[in-house]
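A.B. asks: pasting the sequence and the predicted model now:
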Amino acid sequence: MAYRDDYRRSIEEPAAFWAEQAAALDWFTPPQTVLGRDDNGVDRWFVDGELNTCHLALDHHVAQGRGGQVAVYYDSPVAGAKRAITYADLQREVARFAGALAALGVNKGDRVLIYMPMVPEAVVAMLACARLGAIHSVVFGGFAAHELAVRIDDAQPVVVVSASCGIEVDRVIPYKPLLDAAIDAAAHKPAHTVVLQRPQAMADLQAGRDFDWSALTRDAEPAPCTPVLATDPLYILYTSGTTGRPKGVVRDNGGHAVAMHYSMKAIYDMNPGEVFWAASDVGWVVGHSYIVYAPLIAGLSTVLYEGKPVRTPDAGAFWRVVSEYRVKALFAAPTAFRAIRKEDPEGRCLADYDLSCLKTLFMAGERLDPPTYHWARDLLGVPVVDHWWQTETGWAICGNPMGIEPMPTKAGSATVPAPGFDVRILDGRGESLGPGEQGSVAIKLPLPPGCLPTVWGNFPRFRDGYLSTYAGYYVSGDGGYRDEDGYVFIMGRTDDVINVAGHRLSTGEMEEVLAGHPAVAECAVIGVHCALKGQKPLGLILLRDDADIDPKQLRDELVARVRQEIGAVASFKEVLVVPRLPKTRSGKILRKVLRQIADGEDYAVPSTIDDPASLPELARLLAERAAG
């Protein structure tokens, strides 16, 4: 009954429930008002409390005698580098870099843009901003100059912190030319940049504006932690795929810290001193929440990995890291495990490593298809937890509460709503739907701590985009349903529903069926134009490396599977085998772009695409298909 009791209290008595969770943190001034409202009428948490997120992540632990514990394990197969950084060492580095930023004129409330690869200095820069009460905005290293310029103009940073280069599997990407071009193009001109020089590609520095990281910090005076209000912003994070003015999700300090600390135990079952690995990037929300802030606030050791699940050097890369650092819980996107499965379907690389330390595997970032779920569970022999959340929420909306009460899993389901999230399935009129009925997934207000209170510099965009569809609800943009046990099934974005001759069909459901074929490594289903039925489904198939099947036989078998599992109403008849599927760097397949290409429409290559070269080949194949 532990989960049910916690969940009921979080919904019926939210202020009392979250006051208990907040009491676990080391506040400078404990909050007296747990739940209030701002001038825009938005619910805000711990409004009169004062704290500092960097203090919670570092100074508090050092003061409690944990300074000698490893805070960050840095592992970079692409750079050939490893470091184990203790809490005390990290505190010293962060305090010194915060002092360096202060010397450059960074004050409380100022913005600092961080444009860096997966190196320890990226974590240092984030925490140094938090230490000063400055607001950081991390942009994924290697973003195009135009997209970087747009973010500079939106956030208007005083300083940009960067590195001379990033390192990919097969190339080195110089960052400084991209940064220079972005500053030249931006209307807002940051006063200074700080550049971490990496030996793989040294950068030329502009006198007066650019500073070398090492030289700047060598003699810097360490800075203390600046008290901030719980409602003061900690960071701005731009959501992927934006056009025009980007959408900057704002995260506050107090609600975020409480949610991070609570979720680390409640969802992930992690305790101080244990090792947690979120195999993501600090440019994404997973990296913010579960590489940096939550593990450190909770007193864990976190892994910072600069590499890939495959080709650094092989499909055993993840298993090597888990074994070497004795990782208790691993969190990654399903696309990572599909890549491993594609190259090593039998899991032979696993035999080289001792994974007895691994207790749970968590996946999020996109829908976890049942075949990948079963493959990972059977291979590793540990619970596989599919949990669902968004950049906007900062932590899991739904998941298996492993630290409260582990529940039986169901393939395809993100299990149950996390405490604080009053999840409803609504129809087009805003009426609640019953078990098994698909609709829009919405969250009844108030949102719990940790969720966005606004969009940077544009409250109307926040209100119109998230709060206006259904009065009293946050709309997630995802579709799904709940079963008779209350388990939540997320079927994909609501705009991924296709209309075939008046029948609304979920592409996620079809993908689930296709992915169950033994020859399929990965797939995407898109709705393409049909003069007769409005839309019809097209299956794009990426084969496993060991697959040996005639294309016509594959098509016939896949069509039969969909007909058997979903029915003739799906009108699934077309299959196209492709060499790769275009994705964002966070692993999401670019379904909208694929639809536009297939229908011959103009399309823009998103700034977040991981492999731009994948689009021309797909465009050629789709054009050949359209031509007959």
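C.D. replies: Yep, it's here.

A.B. asks: okay, now the domains of this protein?
C.D. replies: 2-307+387-480, 501-627 (automatic domain parsing).

A.B. asks: ranking those domains by mean pLDDT, which is last?
C.D. replies: The minimum mean pLDDT among the domains of the chain belongs to domain 501-627 (a mean of 84).

A.B. asks: and it, how far from the chain's centre?
C.D. replies: Centre-to-centre, domain 501-627 and its host chain are 24 Å apart (C-alpha atoms, centre = their mean, to the nearest Å).

A.B. asks: now stretch 154-161
C.D. replies: That offset, for stretch 154-161, works out to 22 Å (C-alpha atoms, centre = their mean).

A.B. asks: send the alpha carbons of that stretch over as CSV?
C.D. replies: Output in CSV follows, covering the C-alpha atoms of stretch 154-161 (Å, rounded to 0.1, in the frame of the first residue of the first chain):
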residue,chain,number,x,y,z
ASP,A,154,16.8,34.7,-26.6
ALA,A,155,18.8,34.1,-23.4
GLN,A,156,21.1,37.2,-23.8
PRO,A,157,24.0,35.7,-21.8
VAL,A,158,26.7,37.8,-20.3
VAL,A,159,29.3,35.1,-20.9
VAL,A,160,29.5,32.0,-23.1
VAL,A,161,31.4,29.0,-21.8
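
A.B. asks: returning to what we had before: dump the domains of the chain to JSON lines, plus distance to Pro370 and mean neighbour count.
C.D. replies: From N, CA and C alone the C-beta is placed, and that goes for glycine too. Shown next, in JSON lines, are the domains of the chain (distance: least, C-beta to C-beta, whole Å; neighbours: other C-beta atoms under 10 Å):
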{"stretch": "domain 2-307+387-480", "distance to Pro370": "4", "mean neighbour count": "20"}
{"stretch": "domain 501-627", "distance to Pro370": "6", "mean neighbour count": "17"}
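
A.B. asks: of these, which is nearest Ala315?
C.D. replies: Ala315 lies closest to domain 501-627 among the domains of the chain, at 9.9 Å (C-beta to C-beta).

A.B. asks: isn't there a helix covering Tyr3?
C.D. replies: Yes - assigned with DSSP: H, G, I helix; E, B strand; the rest coil, Tyr3 falls within a helix.

A.B. asks: if we can go back for a sec, out of the domains of the chain, flag the one nearest Ala333.
C.D. replies: Nearest to Ala333, of all the domains of the chain, is domain 501-627, at 3.8 Å by C-beta to C-beta.

A.B. asks: in JSON lines: the domains of the chain, plus distance to Ile340.
C.D. replies: Formatted as JSON lines, those follow (distance: least, C-beta to C-beta, whole Å):
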{"stretch": "domain 2-307+387-480", "distance to Ile340": "11"}
{"stretch": "domain 501-627", "distance to Ile340": "10"}
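
A.B. asks: let me know which of these is the nearest to Arg341.
C.D. replies: The nearest among these, by C-beta to C-beta, is domain 501-627 at 6.5 Å.

A.B. asks: OK, contacts around the nearest residue to Arg585 once chain neighbours are set aside?
C.D. replies: Excluding the flanking residues, the one nearest Arg585 by C-beta to C-beta, 6 or more residues apart in numbering is Asp610, at 4.6 Å. Residues near Asp610 by C-beta atoms under 8 Å, 6 or more residues apart in numbering: Pro582, Lys583, Thr584, Arg585.

A.B. asks: quick revisit: closest one to Arg326 among the domains of the chain?
C.D. replies: Distance to Arg326, taken as C-beta to C-beta, is lowest for domain 2-307+387-480 among the domains of the chain, at 5.6 Å.

A.B. asks: end to end, how far does that closest one reach?
C.D. replies: End-to-end distance for domain 2-307+387-480, by C-alpha to C-alpha, to the nearest Å: 26 Å.

A.B. asks: could you do stretch 154-169 as well?
C.D. replies: So stretch 154-169: terminal residues 32 Å apart, C-alpha to C-alpha.

A.B. asks: and the strands in the stretch 501-628 of the chain?
C.D. replies: 503-506, 520-530, 534-543, 574-577 (DSSP state E, counting those that start in this stretch).

A.B. asks: save these as JSON lines, and put in distance to Ser214 too.
C.D. replies: Below are the strands of the stretch 501-628 of the chain laid out as JSON lines (distance: least, C-beta to C-beta, whole Å):
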{"stretch": "strand 503-506", "distance to Ser214": "53"}
{"stretch": "strand 520-530", "distance to Ser214": "42"}
{"stretch": "strand 534-543", "distance to Ser214": "44"}
{"stretch": "strand 574-577", "distance to Ser214": "50"}
